[in-house]
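**Student:** Sequence and computational prediction follow.
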Amino acid sequence: MTATATLARLSGSLRVRPGQQPAIVGSRPALAATLLRGQPPQTAAHHLPLLYSLCGQAHRLTAELAVNTALHGETPIDPNAQRMLEAETRREHLRRMLLEWPQLLGNPPVRPDLSQLHVWEHAPQQAMQAWLGESAAQWLEQWDAEPFSALNDWSQRSAHWLAHALAECRDEAHALQLPVHALTLAGNTQALHAVAEQLRQASDFALHPVALGLPCETGSWTRKREAEPQRYASVWLRLGARLAELARLSLPQSSGLALGALALGPNEALAWSETSRGLLLHRVCLERMNAGVLISDYQVVAPTEWNLHPQGTLAQGLAKLSASDPRTRRRAELLMAAFDPCIGFTLELEAAPSEEIIHA
């Protein structure tokens, strides 16, 4: 097997089939336990970022927190870890918007200027203000008060390429109305214990996770700080929530992304972090032996696994599309941009099959 084929197998693959059942076929293999069982605890923070490279920093921080909590009980959150999580989330939002949104949202006539990336790295508040045409704090006040009006007003008046792209896709994306079934686990001790028990009992739970028996979605619109995730019931507003989070992450004060852990018992812990794609969970179980402490079990539930549930919001939205409608490709791409899986996918239209791979 070639190196490329090996990486493709490890990262998983998806077939996205609008208007068909099932609408999503494929997944990513659950490899954390196979990779880490029998290894010293510290190897989790080293190996998992290699396996989950798109949000590698989040995986490293979450693994360290899970292992330290399993070893020592309640573990304080390092402010530096919070800042690193926020910086990676900002970079990942920016990467998606600059590299993939122009194609998925409608190919704006003015393309992103990638030479400005260094400004984002060193002066994100200044860079965000240049995008918005006003301070991020002012823009966010309007967004928090009324998301649709804030996004609509900005996309209509601004000459920025992203404003143009969002205005271009507004009618199509806002017509894709999907009820928000928000994942609300971060800091919810009772719900976290329930998920931990399901992870113990069912080996395939991490591939198709549910909370309180229901498939849930996770993303910028379902954060722990968000009081009304149901407001973002259209694909357009889910896209807007990603832009609003980028604006929040450009500010000097903390954005409030959740990062925490729960000791589940002796030598066992569950840790979580809010990443660009949603809530990430790590569960670790350790065993103490004469030779030292080793990992006996390790499970990762990434945001993509929640969002790709075969009965979840995304799958239902795709299934409702008409495979023969010429607008279906466009609508499917908007859905995938909003939910942003971290697995490459093939879009398959019944009337015109496509082998094009869009790397998510």
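**Tutor:** Noted; the coordinates are in hand.
**Student:** low-confidence ranges in this structure?
**Tutor:** Along the chain, segments meeting pLDDT under 70 span 1-12, 350-360.
**Student:** If you count neighbours, what's buried in the strand or helix carrying residue 67?
**Tutor:** Taking DSSP states H and E as the criterion, residue 67 maps to helix 56-72. Neighbour-count burial for helix 56-72, counted by 16 or more other Cβ atoms under 10 Å, picks out 57-71. (Glycine included, C-beta is placed from N, CA and C.)
**Student:** what's the longest strand in the protein?
**Tutor:** When the chain is parsed with DSSP state E, its longest strand is strand 278-289.
**Student:** between it and helix 56-72, how many degrees?
**Tutor:** Angle, strand 278-289 to helix 56-72, by axes from the mean of the first three to the mean of the last three Cα atoms, to 10 degrees: 40 degrees.
**Student:** partners of strand 278-289, with directions?
**Tutor:** strand 268-275 (antiparallel), strand 292-301 (antiparallel) (DSSP bridges).
**Student:** sorry, back to before: give me the residues contacting the helix holding residue 67.
**Tutor:** Applying Cβ atoms under 8 Å, 6 or more residues apart in numbering, the external contacts of helix 56-72 come out as 41-42, 44-46, 48-52, 75, 77, 81, 84-85, 87-89, 259-263, 267-273, 275, 280-286, 293, 300.
**Student:** cool, stretch 192-199 as well?
**Tutor:** Residues outside stretch 192-199 that contact it (Cβ under 8 Å, 6+ apart): 185, 205-206, 209-212, 262, 264, 268, 270, 272, 281, 283, 299, 301.
**Student:** buried subset of those residues?
**Tutor:** In the contacts of stretch 192-199, burial by neighbour count holds for 185, 205-206, 209-211, 262, 264, 268, 270, 272, 281, 283, 299, 301, counting by 16+ other Cβ under 10 Å.
**Student:** before we move on, back to that, drop anything exposed from the contacts of helix 56-72.
**Tutor:** Looks like the contacts of helix 56-72 have 41, 44-45, 48-49, 51-52, 75, 81, 84-85, 88-89, 259-263, 267-273, 275, 280-286, 293, 300 buried, using 16+ other Cβ under 10 Å.
**Student:** returning to that earlier point: can you redo the strands paired with strand 278-289 as a markdown table, where the extra columns are distance to residue 308?
**Tutor:** Compiled in a markdown table, the strands paired with strand 278-289 are given as follows (distance: least, Cβ to Cβ, whole Å):
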| stretch | distance to residue 308 |
| --- | --- |
| strand 268-275 | 15 |
| strand 292-301 | 12 |
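**Student:** hang on, the earlier thing: now the longest strand of the chain - C-alpha only, CSV.
**Tutor:** What follows is strand 278-289, C-alpha atoms only, in CSV (Å, rounded to 0.1, in the frame of the first residue of the first chain):
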residue,chain,number,x,y,z
GLY,A,278,-17.3,22.0,17.3
LEU,A,279,-16.9,20.1,20.6
LEU,A,280,-14.0,17.6,20.8
LEU,A,281,-14.0,14.8,23.5
HIS,A,282,-11.2,12.6,24.7
ARG,A,283,-11.8,9.7,27.2
VAL,A,284,-8.8,8.0,28.7
CYS,A,285,-8.5,5.0,31.1
LEU,A,286,-5.2,4.2,32.7
GLU,A,287,-3.9,1.1,34.5
ARG,A,288,-1.1,1.1,37.1
MET,A,289,1.4,-1.7,36.8
